[in-house]
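In: Could you work out the structure for the sequence below:
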Amino acid sequence: MFTGRVAELRLLRELLLSDRRGCFVVWLHGMGGVGKTALLRRFADEAEAHGRTARSVDMRGTDPTPDAFLAALEAQGPLEAAHVLLVDSAESLGPLEQWLRDEFLPRMPAHVLLVIGGRRPPSAEWRTDAQWWHALRSVELDGMDDTEAAQLLRNRDVAEAAVPRLVRAAHGLP
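Out: You can find the predicted model right below:
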C-alpha cells in the first residue's frame, strides 16, 4: 500500500547497496503526518528484501536514555548483524541526541547505515561538526504531490468520485 517517496527510497537504496566506507547518517525530517514513519517502515522492508538486516528504535516508546536505547536495540539482536538502524520520532531524543552523535555512532559498526526520522532537521551540532559534514544527509519530506496522493487513495479503494476532493483537503499529507 506504500505510495510515493520514489526519490527518497532511491537515495536510501543507493546508500544501502553502495560500497561506502564509514558511518553514514540520513536524517529525514518534516511536519507530523507527512509520512516519515511509513517511509522508515518501507525502507526496512526493502532492506530485508535485499538480504540486509534492519533494526529500529521508535523513540515514542523508548525512554531517552542510553540504557533504554541500547536495550531496545539488543532486544532485536546484535547490532553487528544489522545493515540498517532506523530511529523514529527523533524529536523525542532530547539529550540522547548528543550521546547518539558523540558516543554511540563513533562505536557503531562502520557498515551500518543510520536513518533517523523526526519533525525537526538535525541540530546545528550535526551540521557544524567537521566529522559529520560528509557523513550526514539531511532530507526534508514535503507533502505528496497530487498524483501520488490520488494514487494513495486509489490504492486504498477510495471511491474515484471522492479522490479529487480528498486530495485538495489533505494538502499533500498522507
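
In: could you pull out the strands for the chain?
Out: 24-29, 54-58, 84-88, 113-118, 136-140 (DSSP state E).

In: Give me the longest helix you can find in the chain.
Out: In the chain, assigned by DSSP state H, the helix with the most residues is helix 36-49.

In: which of the residues in it are buried?
Out: 36-44, 46-47 (16 or more other C-beta atoms under 10 Å). Every residue, glycine included, has its C-beta placed from N, CA and C.

In: residues contacting residue 80?
Out: The contact partners of residue 80, by C-beta atoms under 8 Å, 6 or more residues apart in numbering, come to residue 109.

In: Offset the numbering so it begins at 785, please.
Out: I'll keep to 785 as the first residue from here, and by that count the last item is residue 864.

In: what does the model give it for pLDDT?
Out: Note on residue 864: pLDDT of 88.

In: And it, how far from residue 903?
Out: 31 Å (C-beta to C-beta, to the nearest Å).

In: before we move on, what about residue 845?
Out: With C-beta to C-beta as the criterion, residue 845 and residue 903 are 17 Å apart.

In: Compare the two and say which is more crowded by neighbours.
Out: residue 903 (15 against 11; other C-beta atoms under 10 Å).

In: Out of the strands of the chain, flag the one nearest residue 949.
Out: Residue 949 lies closest, by C-beta to C-beta, to one member of the strands of the chain: strand 920-924, at 27.4 Å.

In: just to revisit the earlier point, which one of the strands of the chain lies closest to residue 931?
Out: For the strands of the chain, the distance to residue 931 is smallest for strand 920-924, at 19.7 Å, taking C-beta to C-beta.
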